[in-house]
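Student: Next come a sequence and a model predicted from it.
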Amino acid sequence: MLKISKSKLGGLFDAIAAKQTLYIPADREDGEAEYKKYESGMALTKKLNTVRSAKDFFFPQTENLAEFRLDGKNIEVIDVRKESEDFVVFGVRACDARSFTILDKVFLAEPVDSFYKNRRDHGTIVTMACTKPAETCFCKTFGIDPTVPEGDAACFDDGESIFFLANNEKGQAFIDSIASMLEEGDATKLCDVQEKARAIMEKLPLANLKTDNFGGDKLNEYFNSEKWADLSEACLGCGTCTFVCPTCQCYDIRDFDTGHGIKRFRCWDSCMYSDFTKMAHGNPRLTQLERFRQRFMHKLVYFPANNNGEFGCVGCGRCLSKCPISMNIVKVMKALEVK
Ligand code: SF4
Ligand code: SF4
């Protein structure tokens with residue numbers, strides 16, 4: 001298996017960044033980690049994961065979709081789409097790597113979202129196996145093994161070196177492009193590292209969280225549950241849980257009058273907001289209970305019902321650590337068990 005000594009990782013990043021844009025998870029001043037465009041000397045964070053996921057590179061928070069120029073009664077429609085340049089997102093965790101399976105089902109289904117597809121075609125996702133999962137992690141609930149991450153290519157850290165493994169052709173092309181900087185290495189130590197990480201997983205507070213009771217066949221029971229009232233009572237409707245979530249994919253489209261024409265843009269939206277899906281006749285969900293219920297019904301019931309049992313959560317734990325009232329999908333799953 002090809003590897004590079006961790007002491008040479010900076011040189012490898014320099015070489016990748018010389019050919020295409022490279023993003024790595026790096027520290028920020030408040031002690032959290034975020035993806036940053038790599039510049040020479042930048043180091044990988046030691047934090048387990050970033051506050052916002054790698055979703056941003058493929059489905060950015062805001063983007064222009066089209067422009068309209070007005071000239072008297074004539075309207076010129078301007079296609080603002082550009083072919084994306086090749087880029088690499090390095091160090092994506094297994095949970096976030098799986099989120100692309102979910103996002104692909106939404107954005108690559110007909111009609112294909114050409115903005116998203118363009119970035120998926122040009123972006124290479126290089127994952128990093130977890131060695132020390134956190135208390136808020138529950139990716140295993142959704143069948144994800146954090147020690148064997150998906151993505152185009154996967155990296156494994158044995159403490160001294162980073163090993164590379166291709167998961168598909170794009171990943172192999174990436175490894176081929178850096179092969180001159182890699183060397184053959186003995187990967188036997190990796191088994192111990194993986195075993196230790198799996199042993200940690202087994203002892204985590206959410207190790208036994210199961211999805212057995214969820215899915216599309218209990219739609220009515222869940223929808224009509226009396227538990228939603230208590231669960232949603234303190235929800236602030238702030239949308240934090242949706243904005244940090246790697247699988248949330250709702251957006252709004254609006255027109256902005258620049259004075260010289262119109263820019264049509266989209267931006268992330270949240271089902272937790274009072275104007276979400278507002279239509280000419282009004283809003284179909286008038287209370288926070290209904291909005292709160294929508295978020296969790298979508299992830300635990302509607303999405304699996306429409307996608308062969310695949311859930312709309314990857315157990316990244318971000319909503320567990322970021323919700324200001326400490327409400328999250330785990331509390332909902334535990335409270336809602338329909339026997
Ligand atoms: S619902 Fe929460 S735990 Fe699940 S993927 Fe979204 S942020 Fe992560
Ligand atoms: S569940 Fe928490 S993070 Fe999500 S909208 Fe409500 S208060 Fe905000």
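Tutor: Cool, the structure landed. Ligands and ions are numbered 1, 2, ... in the order given.
Student: my read: C155 touches F163, true?
Tutor: Yes: C155 is within contact range of F163, at 6.8 Å (criterion: C-beta atoms under 8 Å). Using the backbone N, CA and C atoms, a C-beta is placed for each residue, glycine as well.
Student: longest single helix anywhere in this structure?
Tutor: The residue-count maximum for a helix in the chain (DSSP state H) belongs to helix 188-203.
Student: so how far is ligand 1 from C155?
Tutor: 22 Å (C-beta to the nearest ligand atom, to the nearest Å).
Student: Just give me the neighbour total for the closest residue in space to Y273 that isn't next to it in sequence.
Tutor: The spatial neighbour of Y273 that comes closest, neighbours along the chain excluded (C-beta to C-beta, 6 or more residues apart in numbering), is G239 at 5.8 Å. The tally of other residues near G239 (other C-beta atoms under 10 Å) stands at 18.
Student: residues contacting G239?
Tutor: Contact partners of G239, counting by C-beta atoms under 8 Å, 6 or more residues apart in numbering, are 270, 272-273.
Student: show me which of these neighbour ligand 2.
Tutor: Residues shared between these and the neighbourhood of ligand 2 are M272 [C-beta under 6 Å from any ligand atom].
Student: Next one, pLDDT for the residue nearest in space to the middle of the chain please.
Tutor: The centroid of the chain falls nearest to P246 when counting by C-alpha atoms, centre = their mean (2.5 Å). Per-residue pLDDT puts P246 at 98.
Student: So it: helix, strand or coil?
Tutor: coil (DSSP: H, G, I helix; E, B strand; the rest coil).
Student: any chance of the contacts of G239 in TSV, with secondary structure and neighbour count too?
Tutor: Converted to TSV, the contacts of G239 look like this (DSSP: H, G, I helix; E, B strand; the rest coil; neighbours: other C-beta atoms under 10 Å):
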residue	secondary structure	neighbour count
S270	coil	21
M272	coil	22
Y273	coil	19
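Student: pLDDT added to the contacts of G239, as JSON lines?
Tutor: Output for the contacts of G239, formatted as JSON lines (pLDDT from 0 to 100):
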{"residue": "S270", "pLDDT": "97"}
{"residue": "M272", "pLDDT": "96"}
{"residue": "Y273", "pLDDT": "95"}
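Student: Looking at the contacts of G239, which is nearest ligand 2?
Tutor: Within the contacts of G239, the smallest distance to ligand 2 is 3.9 Å, found for M272 (C-beta to the nearest ligand atom).
Student: Let's see the pLDDT reported for the residue in the stretch 51-200 of the chain positioned nearest to ligand 2.
Tutor: Proximity of the stretch 51-200 of the chain to ligand 2 (C-beta to the nearest ligand atom) peaks at V51, 13.1 Å away. Per-residue pLDDT puts V51 at 97.
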